[in-house]
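Novice: Just a sequence and a predicted model for now, questions to come.
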Amino acid sequence: MSSRKLSRITNIWSKVVKGEGGKIFSRIVIEATETFEPVIRNRNGGVLLKADGVVPNMPEGSIEVNDGLVREVLLNQAGPGLTEVSVHLHHPAEWRMEVAEGIPFRTIITLDRSFISELFQGRIIVIDPGHGGEDTGARGPVNLVEKNVVLPISLNLKELFEQAGAQVILTRSKDEKVSFKSRATVARDAGADLFISVHTYSNSDSKVGGTAVLYANSCRESLEAAVLVKEELVKKLKLADRGFKERKKHYLLQGVPDIEVEVVTITNWVEEGLLRSPTIHKKAAEGIFNGVKNYFAAAAQRHEVLL
Ligand SMILES: [Zn+2]
């Protein structure tokens, strides 16, 4: 038995970071009070870290990440002075571990997000922030207007898609009125892989709330994207699931699959309040991003089966 002082894990956090050559990684940082020697290996398509002489000094259990690659990080004490940190992934990934001496002592697991970059490489995505200019869209009980919240959500989403390697076109990037014709024409002329309209839902009953996604009828890709985006968005926002709605395919979009995301309900008291914070703009973008990633992953898998 070592006489070394027991180390305590005080914090675990994760971030998507840009590394050398612009490559994107998921980084998980485990902070502890004292130096220890982590043992790390692959397990069940993820990563398992064993830390001897270490105890958790934070709640055990799942830390949800859902950054497109890392699903969650599980912290648990496996025995006396033995702590396990397991990283669960959506897709297999290469990883490396480093330690950084200091206070706190940091164990850093860096995971390769190439799988995601490959899915987005060469993709053209049109993001369509609803309304704009004199067309304010819906209004919340304390006067927040839809046009002003769908734009920051869309800008966050653009950043995530671009970071993953896609080409993104916004139908508006400021507070201006844009006709549906020109929004759709942009997508059609660019030969977009997906057209995503970003809206909020409104209802005369301020108790009604939640997230929904609309899809174009007669378009299988539209429905598939809607299913996957709604699933991930509900996971991220944890608001009521209002389901799917079918709507007419707009002839101007021709072959471009399109969805309309009703991110939250602006007329709901609580959700209007949430919308005032940049946190929910970022979370909403992350949810939509994860759904679109799953949509492209499903398409890639189908392609592989056909080959
Ligand atoms: Zn709208």
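Specialist: All right, it came through fine. The structure displayed is predicted, hence computed values, not measured ones.

Novice: ok, which residues in the chain are in contact with the ion?
Specialist: Neighbours of the ion within the chain, by C-beta under 5 Å from the ion: 130, 137, 199. Quick note: C-beta positions are derived from backbone N, CA and C, even for glycine.

Novice: if you set the cut-off to 6 Å instead, what comes out?
Specialist: Residues of the chain lying near the ion by C-beta under 6 Å from the ion: 130-131, 137, 146, 199.

Novice: ends of stretch 273-284, how far apart?
Specialist: Distance across stretch 273-284, first residue to last, is 15 Å (C-alpha to C-alpha, to the nearest Å).

Novice: Also stretch 201-213?
Specialist: Taking C-alpha to C-alpha, the first and last residues of stretch 201-213 lie 10 Å apart.

Novice: Is residue 115 part of a helix or strand, or is it coil?
Specialist: Under DSSP: H, G, I helix; E, B strand; the rest coil, residue 115 falls in the helix class.

Novice: domains for this protein, by residue range?
Specialist: In terms of domains, the chain is parsed into 7-112, 117-306 (source: automatic domain parsing).

Novice: circling back to that earlier point, could you dump the residues of the chain next to the ion into TSV with neighbour count and secondary structure added?
Specialist: Formatted as TSV, these follow (neighbours: other C-beta atoms under 10 Å; DSSP: H, G, I helix; E, B strand; the rest coil):
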residue	neighbour count	secondary structure
130	24	coil
131	23	coil
137	18	coil
146	26	helix
199	24	strand
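
Novice: Any chance of those residues in TSV with pLDDT as columns?
Specialist: Formatted as TSV, the residues of the chain next to the ion follow (pLDDT from 0 to 100):
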residue	pLDDT
130	97
131	98
137	97
146	98
199	98
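
Novice: Without its sequence neighbours, what residue ends up closest to residue 76?
Specialist: Closest residue in space to residue 76, ignoring its immediate chain neighbours: residue 60 at 5.0 Å, by C-beta to C-beta, 6 or more residues apart in numbering.

Novice: pLDDT at the one you found, what is it?
Specialist: What the model reports for residue 60 is a pLDDT of 97.

Novice: now swap in residue 75 and tell me
Specialist: Reported pLDDT for residue 75: 98.

Novice: Can you give me the buried ones in stretch 9-21?
Specialist: Neighbour-count burial for stretch 9-21, with 16 or more other C-beta atoms under 10 Å as criterion, is recorded at 9, 12, 14, 16.

Novice: Nearest to residue 173 among these?
Specialist: Nearest to residue 173 among those is residue 16, at 22.8 Å by C-beta to C-beta.

Novice: Are we agreed that that closest one is in a strand?
Specialist: Yes - when classified by three-state DSSP, residue 16 is found to be part of a strand.

Novice: Touching, it and residue 112? I think so.
Specialist: No - judged on C-beta atoms under 8 Å, residue 16 makes no contact with residue 112 at a distance of 11.9 Å.

Novice: for the closest residue to residue 112 other than its chain neighbours, what are its contacts?
Specialist: Closest residue to residue 112 in three dimensions, ignoring its sequence neighbours and counting by C-beta to C-beta, 6+ apart: residue 94, at 4.2 Å. Neighbour list for residue 94: 111-112, 114 [criterion: C-beta atoms under 8 Å, 6 or more residues apart in numbering].

Novice: thinking again about what came up before, and for residue 16 and residue 112, which residues touch both?
Specialist: By C-beta under 8 Å, 6+ apart, the residues touching both residue 16 and residue 112 are residue 25.

Novice: rewinding a little: tell me who's in contact with the residue nearest to residue 76.
Specialist: So residue 60 contacts 75-77 (C-beta under 8 Å, 6+ apart).

Novice: right, and out of these, which lies closest to residue 122?
Specialist: Looking across the contacts of residue 60 and measuring by C-beta to C-beta, the closest to residue 122 is residue 75, at 38.4 Å.

Novice: What is the burial count for the closest one?
Specialist: Burial of residue 75 is recorded as 19 neighbouring residues (other C-beta atoms under 10 Å).

Novice: That one contacts residue 54, correct?
Specialist: No - assessed by C-beta under 8 Å, residue 75 is found out of contact with residue 54, at 10.5 Å.

Novice: bridging residues for the residue in the chain that the ion sits nearest to?
Specialist: With C-beta to the ion, the shortest gap between the chain and the ion falls at residue 199, namely 3.5 Å. Per DSSP bridges, the residues bridged to residue 199 are residue 262.

Novice: before we move on, the earlier item: list residues touching both of residue 75 and residue 54?
Specialist: 9, 83.
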